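*Asks:* based on what follows, work out the 3D shape:
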Amino acid sequence: MARADQPAYLTSIMGKKFLDHVKTARPGATKEAATALLSAAVFDGPASTVPLTADLQKDLIAARRIAANLNDTQKEIDGLLHAFDGGYVTPGPGPDPIRNPETAPGGRNLYSLNPEEIPTQPAWEVATALVDDLLRSHKTKKIGMDLNGMNTMRDFGVMEAQILYLMGVRPIWDRNNLAVDLELISRKELGRPRVDVFIAMGGQYKENFPTRVELLDRAVRLASAADEPDNHVRLGTLENQRKLRAKGLSVEQAAALAPARIFGTKQGNMSGTNILYLVPKSGAWDRPSEIADVYIDNMSWVYTKDAWGQKVDGLYQQAIQGTDTLIRAWSSNMTSELSNHHSYEYLGGLSMAVKTLTGREPDAYIADVRNPDGARMREFGEVLATTFKTELLNKNWIAGMKEHGYAGAGHAAELVKNTFGWAVTRTSAVSDATWKEIYDVYVNDKFGLGVRQWMEKDNPHALQEMAATMLEASRKGYWHADAKTLKALGQLYQESVAKYSDSNGLISGGNTSLAAYAADAGAGKAGRPGLAPAPAPSGRSGRAAAAPAAPSSATPPPLPVVTGIKMTSQPKALPQAPGLAPRELAAIAAAVAACFALGYLRRQGTL
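*Replies:* Sure thing, here's the model as predicted:
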C-alpha cells in the first residue's frame, strides 16, 4: 500500500472508539481530522490541530504499533519460505486488519475461531439490529439466507444470528461463551411474526461447522412448534408436510422432513455449486435454465435431523417455495460483491433457483458488516451500483490498476467477467447503461487515461477478453447494444485475436458461437437476437416474466438411504467447454510441486 494511503487505512483500523476520542478532544471534528492526526503522529505528516488527550495518547501508541506491523511485510515472504522448508510457522489470527488489528504482521499460520462460539454475543447484537432495520421497511414472510463459512470466520456468526432472530429463536451461551442451546423468544417479546427461512449452505460450511448446522436445524423445529396464527415458520412447515404427503410420503416421513430448511452440496463435496466457471464458459450453454438446473442439482442435498446429507426427491423444490427475499453477508474488507466471483456463484445462483422454482426474482439485500460499528442492511442493487462507481468505473481505481501493469489489467478484466456473471444469474442486476459505461471507459477511454495503450502494452489478452465479454453479453441478450457499438467491439476483438492470438479465456475459449457473432458484428451486422430474456422487474416492483422451468421427466433410480423416500444419486455433470482451466490447474500443480521441491533441496543443503 502506498504510504500516502496508509493514514486513511489506519483510521479505519482504529475504528469508532478512536473517532469518538477525536471528537471529544475537538468537538465537531471529522473523520478527515482523525486521519490528519494519524498522518502527523505516525507518518510524520503536517501538524494536526487536534489536542492530545490522555485517550488519544494511548490510541496513538496503539496506532504506531499497528502501522509498524502493517509495514513489516518481509515476514510474509519469510514465513512462506519457512513453511516450504518444512519449518514450524507460528499461528496468528484472522481475518483482516480492519476487523482485527492483530492480523498484522502476516507470514503466520492463520486460525479462525471455535465453531461452538457461533454466533457470538456481539454477532447476535449486530444481527438483531440488522434484522429489525430490514423488517421496518421490507415486508416478507420468508427469506433465503446465503450461509457462507468464510463469512462466518470473519464476522463470528452474524448470518447465523440473523437466521435465528428472524425465526424468533435466541442462543443460550454457557459460562465459556459457547452457544450451546436455544430458547424461543415469546411472541410478545418479539413484537412481530416469526419469519420463515430457506438456507443455502456454502460448500465448506457443513464440514467446518457441522454442529452449527444442527443448531440451526433445531431452531427451525423449535420455531415450527410455536402454535401462533401468524408464525410463518410453522405455517411453512405445515404446508411442506401437506405437499410431501400429496407426493406419496407417509405421515411419519412427511412430518420428519417438513421442517427441513438447510440445503447444500453432498457430504464431502467442498467445491461449491459447479456454476462458478460454467457461467463464464458461456459457449457451453444456450439458456440460463441450464445453469439453474446445475445449481439446483448440486445444492439440493438436505441437512436435517432425519435426513443428513441426503437428496430427497422434490424436497428442495418444496422447501424453497415462498422465498421472496435473499440476504448475503459482506464481511471482507479485501473483496467486494463485484470482485469476489463467489458472490454471483452463491447469491446469484440462489436467485436463479428461486426464480426458476417460484417464477419470481426475489429481492436481495447485503448485510454489510465489514465494520461492526457501522453494520447496515443495504439493497443489493445499491451495493452493486456503488461498487461499479468505486471500482471498475472509477477513474482513480483504474489509475491504480495501471500501476500494477499486467496484473492490474487482468484484474479489471476479471471484474468485467464478474459483471457478466451477475447479468446471467440475476437479470435485474446489470443495466444496458452499465454495459455501455464499461464500453466507454475501457474501449473509448472515457477518462483519457490511455487505457487501450496500457492494456495493449502490458496485457493485450485482458483487453481482448473484455471485448469478448461485452460481445457475449450482447449475443446472449444481457446487453441491448446498438449496431455502431457492436461493430467497434467486433473489430477490436478480431484485430486483437489476429495480432496477439486467441486469449483462450473462460468467455472466449472454444466459443465458436461468439467468434461467429464477433465476425458478424465487425462486418456491421447486428447479429441474431440474444437468447436471454430482457432484464426482469425486481421482486420489489413486480413478477418476472419467465415462467418456472418444467421439472425434468427423468427420474434417477432410488438409493436405499432413507427407507421409503425416493432418492437421487449424483449431482448433474458439469458441461465442458475448451478453455484455460486444465492448463491453469496444471500450472498451479507444477508451481506447488516446485515449491515443495525447493524446500526439500534447501533442507538437504543442496540449495
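
*Asks:* run a quick neighbour tally on residue 268.
*Replies:* For residue 268, the count of nearby residues is 9 (other Cβ atoms under 10 Å). To be clear about C-beta, it is placed using only N, CA and C from the backbone, and glycine gets the same treatment.

*Asks:* could you do the one 3 residues further on as well?
*Replies:* Here the neighbour count serves as a burial measure; for residue 271 (other Cβ under 10 Å) it reads 13.

*Asks:* is the residue lying closest to it once chain neighbours are set aside in a helix, a strand, or coil?
*Replies:* Among residues not flanking residue 271 along the chain, residue 203 sits closest, at 5.8 Å (Cβ to Cβ, 6 or more residues apart in numbering). Put simply, residue 203 is coil when judged by DSSP: H, G, I helix; E, B strand; the rest coil.

*Asks:* what sits against residue 203?
*Replies:* By Cβ atoms under 8 Å, 6 or more residues apart in numbering, the residues touching residue 203 are 264-265, 269-273.

*Asks:* most neighbours, which of those residues?
*Replies:* Counting neighbours by other Cβ under 10 Å, the top entry in those is residue 273, with 29 neighbours.

*Asks:* so how far is residue 426 from it?
*Replies:* According to Cβ to Cβ, to the nearest Å, residue 273 stands 14 Å off from residue 426.

*Asks:* residue 143: what secondary structure?
*Replies:* With three-state DSSP as the criterion, residue 143 reads strand.

*Asks:* that one contacts residue 326, doesn't it?
*Replies:* Yes - Residue 143 lies in contact with residue 326 (Cβ atoms under 8 Å); the separation is 7.0 Å.

*Asks:* tell me where the stretch 451-600 of the chain has helices.
*Replies:* Counting by DSSP state H, counting those that start in this stretch, the stretch 451-600 of the chain has helices at residues 451-458, 460-475, 483-500, 512-522, 581-604.

*Asks:* quick one: contacts of the strand or helix carrying residue 6?
*Replies:* Using DSSP states H and E, residue 6 falls within helix 6-25. For helix 6-25, the surrounding residues in contact (Cβ under 8 Å, 6+ apart) are 1, 29, 31, 33-39, 42-43, 45, 50-53, 55-56, 59, 62-63, 66-67, 70, 97-98, 101, 333, 371, 373-374.

*Asks:* dump the residue contacts of residue 521.
*Replies:* By Cβ under 8 Å, 6+ apart, residue 521 lies in contact with 471, 474, 486-487, 489-490, 527.

*Asks:* surely residue 303 is within a strand?
*Replies:* Yes - assessed with three-state DSSP, residue 303 lies in a strand.

*Asks:* contact partners for it?
*Replies:* By Cβ under 8 Å, 6+ apart, the neighbours of residue 303 are 201, 206, 213, 217, 260, 262-264, 309.

*Asks:* change it to 7 Å
*Replies:* The neighbourhood of residue 303, defined by Cβ atoms under 7 Å, 6 or more residues apart in numbering, consists of 201, 206, 213, 217, 262, 264, 309.

*Asks:* rewinding a little: just the buried residues of the contacts of helix 6-25.
*Replies:* Buried subset of the contacts of helix 6-25 (neighbour count, 16 or more other Cβ atoms under 10 Å): 29, 33-39, 42, 45, 50, 56, 59, 63, 66-67, 70, 97-98, 101, 333.

*Asks:* so which of the residues you listed are in helices?
*Replies:* If you go by DSSP state H, the buried ones among the contacts of helix 6-25 have 33-39, 42, 56, 59, 63, 66-67, 70 in helices.

*Asks:* could these go into CSV alongside distance to residue 407?
*Replies:* Converted to CSV, those look like this (distance: Cβ to Cβ, whole Å):
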residue, distance to residue 407
33, 35
34, 32
35, 28
36, 32
37, 34
38, 29
39, 28
42, 29
56, 39
59, 35
63, 30
66, 27
67, 26
70, 21
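
*Asks:* per-residue pLDDT, residue 306?
*Replies:* pLDDT for residue 306: 84.

*Asks:* nearest spatial neighbour of it, chain-adjacent residues omitted?
*Replies:* Among residues not flanking residue 306 along the chain, residue 256 sits closest, at 3.9 Å (Cβ to Cβ, 6+ apart).

*Asks:* same deal with residue 352?
*Replies:* Nearest non-adjacent residue to residue 352, counting by Cβ to Cβ, 6+ apart: residue 292, 4.3 Å away.

*Asks:* does that neighbour count as helix, strand or coil?
*Replies:* Reduced to three states with three-state DSSP, the structure at residue 292 is helix.

*Asks:* so who does residue 463 touch?
*Replies:* By Cβ under 7 Å, 6+ apart, the contact set of residue 463 is 452, 455-456, 496.

*Asks:* which one of those residues is nearest residue 343?
*Replies:* Distance ranking of these against residue 343, using Cβ to Cβ, places residue 455 first at 25.0 Å.

*Asks:* pLDDT value on that closest one, please?
*Replies:* Value for residue 455, per-residue pLDDT: 97.

*Asks:* any idea how far it is from residue 408?
*Replies:* Distance, residue 455 to residue 408, using Cβ to Cβ: 9 Å.

*Asks:* circling back: which one of the contacts of residue 463 sits in the busiest neighbourhood?
*Replies:* residue 455 (26 neighbours).

*Asks:* find the nearest non-adjacent residue to it, please.
*Replies:* In space, and not counting its chain neighbours, residue 455 is closest to residue 463: 3.9 Å by Cβ to Cβ, 6+ apart.

*Asks:* next one: residue 145
*Replies:* Here the residue nearest residue 145, using Cβ to Cβ, 6+ apart, is residue 199, at 5.0 Å.

*Asks:* so that neighbour is in which element?
*Replies:* Secondary structure from DSSP H and E places residue 199 in strand 196-201.

*Asks:* in the helix or strand that that strand is followed by, what's buried?
*Replies:* Next helix or strand after strand 196-201 toward the C-terminus (DSSP H and E): helix 205-208. Buried residues in helix 205-208, defined by neighbour count with 16+ other Cβ under 10 Å: 205-206, 208.

*Asks:* same thing with stretch 294-306?
*Replies:* 294-304, 306.

*Asks:* take these and lay them out in a markdown table including distance to residue 168.
*Replies:* Listed next are the buried residues of stretch 294-306 as a markdown table, based on distance: Cβ to Cβ, whole Å:
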| residue | distance to residue 168 |
| --- | --- |
| 294 | 35 |
| 295 | 30 |
| 296 | 29 |
| 297 | 33 |
| 298 | 31 |
| 299 | 26 |
| 300 | 27 |
| 301 | 27 |
| 302 | 23 |
| 303 | 22 |
| 304 | 19 |
| 306 | 23 |
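
*Asks:* quick one: buried residues of the helix or strand containing residue 440?
*Replies:* Residue 440 belongs to helix 432-442 when assigned by DSSP H and E. Buried residues in helix 432-442, counting neighbours by 16+ other Cβ under 10 Å, are found at 432, 434-439, 441-442.

*Asks:* CA atoms of it as PDB?
*Replies:* The C-alpha coordinates for helix 432-442 follow below in PDB (Å, rounded to 0.1, in the frame of the first residue of the first chain):
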ATOM      1  CA  ASP A 432     -27.700  -1.600 -20.500                       C
ATOM      2  CA  ALA A 433     -26.400   1.700 -19.200                       C
ATOM      3  CA  THR A 434     -23.800  -0.100 -17.100                       C
ATOM      4  CA  TRP A 435     -22.500  -2.200 -20.000                       C
ATOM      5  CA  LYS A 436     -22.300   1.000 -22.200                       C
ATOM      6  CA  GLU A 437     -20.300   2.700 -19.400                       C
ATOM      7  CA  ILE A 438     -17.900  -0.200 -19.300                       C
ATOM      8  CA  TYR A 439     -17.500   0.100 -23.100                       C
ATOM      9  CA  ASP A 440     -17.000   3.900 -22.900                       C
ATOM     10  CA  VAL A 441     -14.400   3.600 -20.100                       C
ATOM     11  CA  TYR A 442     -12.300   0.800 -21.400                       C
END
